[in-house]
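>>> please work out how this folds:
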Amino acid sequence: MLIIVTEFTIYQSKREGEQMKGEIIYLEYKQAVDFLLPKHYSGRVPPISHAFGWMIDGELVAVCTFGKPASNSLCKGICGIEYSDKVYELNRLCRVESLEHQLSSFVGACLRRLRQHDYIIVSYADTEMNHNGYIYQATNWIYTGATKQRTDKYTKGNKHSRHYDNDNQNGLRKVRSSKHRYIYFATHDKRIKEEYLNSLNYPIKPYPKGENKKYKLGEYLKPNIIKVVRK
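Predicted coordinates for the structure are as follows:
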């Protein structure tokens with residue numbers, strides 16, 4: 001069942017020149033997955049704790065999901081172990097092909113609904129996809145630089161490394177591209193926000209700029225696999 005929360009925005013239809021109302025809904029896990037899997041370039045389902053949808057005239061046109069990062073070191077590394085339980089990731093943002101309106105209003109509305117939890121939210125813009133994170137910039141995230149390119153273990157099925165052991169990967173590794181890292185303090189409390197900011201372990205840097213490249217919905221990113229030769 002779709003639960004309508006509130007009407008939150010109006011945008012102008014370029015085709016018909018009329019105003020169309022949009023509504024935010026909370027999505028169940030399966031609803032979010034059914035929308036994301038055929039469209040998002042990763043082709044994988046992330047951990048999902050909160051899922052929001054954008055409805056226009058009864059059609060689900062965009063989905064934004066948040067979940068606990070798989071890496072405990074990431075959760076501890078942003079603002080220290082004291083606040084590690086508050087760290088969540090904006091791990092998927094996807095829309096239908098026909099939606100031309102920018103998604104920053106949708107993302108901003110989702111973030112406002114998470115402020116009651118006092119979350120520290122991290123998200124990434126993939127340089128391999130030529131993304132700079134302009135939606136994060138438009139919604140006032142903190143930019144903390146880019147991660148280094150690295151490699152992860154790889155097995156058939158492209159499973160996350162936490163799902164298999166060393167005996168099941170045959171020396172294959174998957175290249176993980178550099179990603180722009182953004183942080184957002186989702187809280188109503190100015191004191192808590194100041195505590196998070198003072199505890200931030202990353203330097204705050206100027207926003208990156210450049211031309212974004214759009215990907216074709218439903219076209220999955222193929223993993224770059226390399227063979228490690230041990231001497």
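
>>> export only the CA atoms of stretch 85-101, formatted as CSV.
Extracted in CSV, the C-alpha atoms of stretch 85-101 (Å, rounded to 0.1, in the frame of the first residue of the first chain):
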residue,chain,number,x,y,z
ASP,A,85,25.5,4.8,14.9
LYS,A,86,24.1,8.0,13.4
VAL,A,87,25.8,7.5,10.0
TYR,A,88,23.5,6.5,7.1
GLU,A,89,24.1,6.7,3.4
LEU,A,90,21.9,8.1,0.6
ASN,A,91,22.6,5.0,-1.5
ARG,A,92,20.2,5.3,-4.4
LEU,A,93,18.5,8.1,-6.4
CYS,A,94,16.8,7.3,-9.6
ARG,A,95,14.0,8.7,-11.8
VAL,A,96,12.0,7.7,-14.9
GLU,A,97,13.4,8.7,-18.3
SER,A,98,10.6,11.2,-19.0
LEU,A,99,11.2,13.2,-15.8
GLU,A,100,13.2,16.3,-16.8
HIS,A,101,12.7,18.3,-13.7
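
>>> mind listing what's buried along stretch 47-63?
Neighbour-count burial for stretch 47-63, counted by 16 or more other Cβ atoms under 10 Å, picks out 48-56, 60-63. Any C-beta I mention is one placed from the backbone N, CA and C, and that applies to glycine too.

>>> tell me which of those residues is nearest to Leu37?
Proximity of the buried residues of stretch 47-63 to Leu37, judged by Cβ to Cβ, is greatest for Val63, which lies at 10.7 Å.

>>> note down every partner strand of whichever helix or strand the closest one is part of and its orientation.
Counting by DSSP states H and E, the element that carries Val63 is strand 59-67. Each strand paired with strand 59-67, and its direction, by DSSP bridges: strand 50-56 (antiparallel), strand 87-95 (antiparallel).

>>> helix or strand right after it?
Using DSSP H and E, the helix or strand that follows strand 59-67 in sequence is helix 72-79.

>>> helices or strands next to that next one in the packing?
In this structure, helix 72-79 packs against strand 87-95, strand 119-126, with contacts taken as 3 or more Cβ pairs under 8 Å, 6 or more residues apart in numbering; DSSP states H and E.

>>> and the last one, what's its mean pLDDT?
Rounded to a whole number, the mean pLDDT of strand 119-126 is 94.

>>> quick one: name whatever helix or strand follows that strand.
Per DSSP H and E, the first helix or strand lying C-terminal to strand 119-126 is helix 134-138.

>>> show me what the next helix or strand after that next one is packed up against.
Next along the chain after helix 134-138, taking DSSP H and E as the criterion, comes strand 142-146. Here strand 142-146 touches strand 179-186, going by 3+ Cβ pairs under 8 Å, 6+ apart.

>>> okay, buried residues for the strand it packs on please.
So strand 179-186, judged by 16+ other Cβ under 10 Å, has buried residues 179-186.
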